[in-house]
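**Q** Okay, structure incoming, though there's no sequence with it:
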């Protein structure tokens, strides 16, 4: 059985998908992009600001499901410019410590929804 998770603080899905789905003790969070839901603003002027907004959107969804970043077991980072890797990684690292860092891949893609530069999805263990 699956349960749909929705956070009013995170961006509303822009297509036929859920922000997150809980199933079998796991939480699967769809890729988040740098939209500030409170203002409806798409952040696209600075990769560090973009990444921080993406991580905050993930945090909103994790918190709605009753967990935090310590529960994340896997992240997937998609970026349109591998030259942004260091800046993305620097912000991303603020949300995990060496004892909670999940498995991860970071890949360059040719394009992302709404023309953003970074998108991150994750999988977490529910309590």
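**A** Good, I have the coordinates. In this text the structure is predicted, and so the values were computed from the model without any measurement.
**Q** Could you use CA atoms for every contact and neighbour count after this?
**A** Fine.
**Q** In stretch 76-92, which of the residues would be classed as buried?
**A** Neighbour-count burial for stretch 76-92 flags 77-80, 84-85, 88, 91-92 (criterion: 16 or more other Cα atoms under 10 Å).
**Q** who touches that stretch?
**A** 47-48, 51-52, 55, 104-112, 117-122 (Cα atoms under 8 Å, 6 or more residues apart in numbering).
**Q** Which strand or helix spans residue 85?
**A** helix 85-93 (DSSP states H and E).
**Q** moving C-terminal of that helix, what's the next helix or strand?
**A** Next element after helix 85-93 (DSSP H and E): strand 103-108.
**Q** what is the rounded mean pLDDT of that next one?
**A** The pLDDT scores in strand 103-108 average 98.
**Q** Over to stretch 81-89?
**A** 98.
**Q** got it, and stretch 9-29?
**A** 97.
**Q** mind listing what's buried in it?
**A** Buried residues in stretch 9-29 (16+ other Cα under 10 Å): 9-11, 19-22, 26-29.
**Q** on that earlier part again, looking at the contacts of stretch 76-92, which are in strands?
**A** 104-108, 118-122 (DSSP state E).
**Q** among the residues you listed, who's most crowded?
**A** Neighbour counts for the ones in strands among the contacts of stretch 76-92, by other Cα atoms under 10 Å, peak at residue 118, which reaches 28 neighbours.
**Q** Residue 12 contacts residue 31, correct?
**A** No - when contacts are counted by Cα atoms under 8 Å, residue 12 is not listed as touching residue 31 (11.8 Å).
**Q** Could you pull up the mean pLDDT of the longest helix anywhere in the chain?
**A** In the chain, taking DSSP state H as the definition, the longest helix is helix 47-64. Averaged across helix 47-64, pLDDT comes to 98.
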